[in-house]
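> coords below, sequence missing:
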């Protein structure tokens, strides 16, 4: 039995500090799940719930987290840092004490974590509508989930909503904030509960990045705002020190900003970088603080702050028009999807190594990475493909583990992956403006996955080139926005 993510913050710390697994056995051979034998493979699903719930135990130097019978050294320290919440790793919800994302949150930002893996800690969603909330326009923003279960999501009605289930079919509106601009950006929840989000257009209220904090009233406090002057469709990422990374989208020369609150109504610009095109892509942050982001100039950038107003360009890669967002694997491989899926590895040169590539078709969605390293991409090639599952095999071309195809030309959202390997993805037919489909799919060892369940809404799950991608709660509830103006909670 896995530990509930709603466990108290002190419980994991106390257990870890004693070097004792949940089941009472000594953590001497990597038995963090308390099953009586060393953890392998799916043990990562157990480790994830420990991330960020409290500060580091004092005896981590004696932990054998990879279960190889020896105290962890070298790369294994990455596992240690993951367990104690110092780094965000695939499936990790919060950033931990000292980290940038809210501790205990199962899905604190777009794509679920700082690595943009789209991998959640919850599982077992059965596809029943627990609740839905009708906004005033299409919901193209993707939800984020707070540690207390509050769901944050924007609507094209110009408002950011904080919604909380209450046992009824309509959630409580904890608060809402009117930016006056449509939302393509998705919120991120900082360590102190501050919600960061971009305002879409350049109409009044648009072209800004907001830092908002609930205060018990129907309208949150604006901690700070930053005017880019151009649409902000990129979704913020939050670094371990609280720096907020986000892109803006002028027609040419899109910016990537590193912003940091300073107690005033306007944040400090730590650095900025001008690309050759709009930046719709949402940054991913590597374990060493490198920021990966795409631009419509056709490049993927790896940027690293250096104390100056302009970051160091670690590398660039010409992947093609990049409006989707990179995802980072456990070994540091960066996956991007621009019609072709690329697996990129830094090598110390200005151009990364292409570990493998796979041609799929038109993109716009962001890859997800399962706990076993499988890469999932939602497909928009108009040929009926919904989702493709790819697995590296050491060759220049990955293995196609499976793909899911509908009888019609389907355009998909960015997928999300549950702890049990179920993949959630939505979309619509290009010729239909009034029907959307949402799928739960699971690999079964064949070329075609099992359809666990599906749901048809009265509006597209993709619209106007922007997609609301699913977010997975700690209890397995899946949240997603739709073109029928609603936010859905599937249980």
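That came through fine. Not measured: the values here are computed from a predicted model.
> what helix or strand does residue 317 sit in?
Per DSSP states H and E: residue 317 is located in strand 312-318.
> so where do the helices sit in this structure?
Along the chain, counting by DSSP state H, helices occupy 10-17, 44-47, 76-83.
> For the strand holding residue 317, which helices and strands make contact with it?
Counting contacts by 3 or more CB pairs under 8 Å, 6 or more residues apart in numbering; DSSP states H and E, strand 312-318 is packed against strand 299-304. Glycine gets a C-beta too; all of them are placed from N, C-alpha and C.
> Any stretches of the stretch 51-200 of the chain with poor pLDDT?
51-99 (pLDDT under 70).
> In contact with residue 120, which residues are there?
91, 106, 107, 112, 416, 417, 418, 419, 471, 472, 473 (CB atoms under 8 Å, 6 or more residues apart in numbering).
> what about the strands in the stretch 301-450 of the chain?
Ranges of strands in the stretch 301-450 of the chain, per DSSP state E, counting those that start in this stretch, are 312-318, 327-328, 334-337, 340-345, 353-359, 368-369, 375-378, 385-391, 399-405, 411-412, 416-417, 423-428, 436-442, 450-457.
> which stretch in these is the model least sure about?
Among those, strand 411-412 carries the lowest mean pLDDT, at a mean of 73.
> any chance of the strands of the stretch 301-450 of the chain in TSV, plus distance to residue 289 and mean neighbour count?
Listed next are the strands of the stretch 301-450 of the chain as TSV, based on distance: least, CB to CB, whole Å; neighbours: other CB atoms under 10 Å:
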stretch	distance to residue 289	mean neighbour count
strand 312-318	11	17
strand 327-328	12	27
strand 334-337	14	28
strand 340-345	18	20
strand 353-359	21	16
strand 368-369	20	28
strand 375-378	23	29
strand 385-391	28	23
strand 399-405	32	18
strand 411-412	32	26
strand 416-417	25	28
strand 423-428	29	28
strand 436-442	34	22
strand 450-457	37	15
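> Can I get those strands in CSV including distance to residue 176?
Output for the strands of the stretch 301-450 of the chain, formatted as CSV (distance: least, CB to CB, whole Å):
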stretch, distance to residue 176
strand 312-318, 39
strand 327-328, 30
strand 334-337, 33
strand 340-345, 37
strand 353-359, 42
strand 368-369, 29
strand 375-378, 29
strand 385-391, 33
strand 399-405, 36
strand 411-412, 29
strand 416-417, 24
strand 423-428, 24
strand 436-442, 24
strand 450-457, 22
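> and of those strands, who's closest to residue 481?
strand 423-428 (9.2 Å; CB to CB).
> From the contact counts, what lies against the closest one?
strand 375-378, strand 385-391, strand 411-412, strand 416-417, strand 436-442, strand 462-463, strand 478-481.
> Just checking: what are the partner strands of the last one?
The sheet places strand 478-481 alongside strand 471-472 (antiparallel), strand 486-490 (antiparallel), with pairing taken from DSSP bridges.
> Could you say which of those strands is packed most deeply?
strand 471-472 (a mean of 30; mean count of other CB atoms under 10 Å).
> hang on, the earlier thing: quick one, which of the strands of the stretch 301-450 of the chain is nearest to residue 116?
strand 327-328 (4.4 Å).
> and the strands paired with strand 478-481 as a markdown table, adding mean pLDDT and distance to residue 375?
Formatted as a markdown table, those follow (pLDDT from 0 to 100; distance: least, CB to CB, whole Å):
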| stretch | mean pLDDT | distance to residue 375 |
| --- | --- | --- |
| strand 471-472 | 97 | 18 |
| strand 486-490 | 96 | 24 |
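> could you dump the ones you listed to JSON lines with distance to residue 326?
Below are the strands paired with strand 478-481 laid out as JSON lines (distance: least, CB to CB, whole Å):
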{"stretch": "strand 471-472", "distance to residue 326": "19"}
{"stretch": "strand 486-490", "distance to residue 326": "26"}
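> and residue 372, which of these is closest to it?
Ranking the strands paired with strand 478-481 by proximity to residue 372 (CB to CB) places strand 471-472 first, at 17.0 Å.
> what about that closest one, distance to the chain center?
Relative to its chain's centre, strand 471-472 lies at 9 Å (CA atoms, centre = their mean, to the nearest Å).
> One more: stretch 477-486?
With CA atoms, centre = their mean as the basis, stretch 477-486 stands 16 Å off its chain's centre.
> Quick one: the helices and strands packed on strand 423-428 as CSV, columns for distance to residue 333 too.
Output for these, formatted as CSV (distance: least, CB to CB, whole Å):
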stretch, distance to residue 333
strand 375-378, 9
strand 385-391, 12
strand 411-412, 23
strand 416-417, 17
strand 436-442, 23
strand 462-463, 27
strand 478-481, 27
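> quick one, which of those is nearest to residue 453?
In terms of CB to CB, the element of those nearest to residue 453 is strand 436-442, at 4.8 Å.
> which strands and helices sit next to the closest one?
Judged by 3+ CB pairs under 8 Å, 6+ apart, the packing partners of strand 436-442 are strand 385-391, strand 423-428, strand 450-457.
> one more time with 7 Å, if that's ok
With contacts defined as 3 or more CB pairs under 7 Å, 6 or more residues apart in numbering; DSSP states H and E, the packing partners of strand 436-442 are strand 423-428, strand 450-457.
> So what touches it?
Strand 436-442 is contacted by residues 125, 127, 386-387, 404, 421-428, 449-457, 459-461, 480, 482-483 when judged by CB atoms under 7 Å, 6 or more residues apart in numbering.
> Can you get me a residue count around residue 216?
8 (other CB atoms under 10 Å).
> I'd like the distance between it and residue 125.
31 Å (CB to CB, to the nearest Å).
> Kindly report the same for residue 196.
Taking CB to CB, one finds residue 196 at 27 Å from residue 125.
> More neighbours: those two, which one.
residue 196 (31 against 25).
> How about the more buried one: what's its closest non-neighbour residue?
Nearest-residue entry for residue 196: residue 236, 4.2 Å, with adjacent residues in sequence omitted and distances by CB to CB, 6 or more residues apart in numbering.
> All good on my end, thank you.
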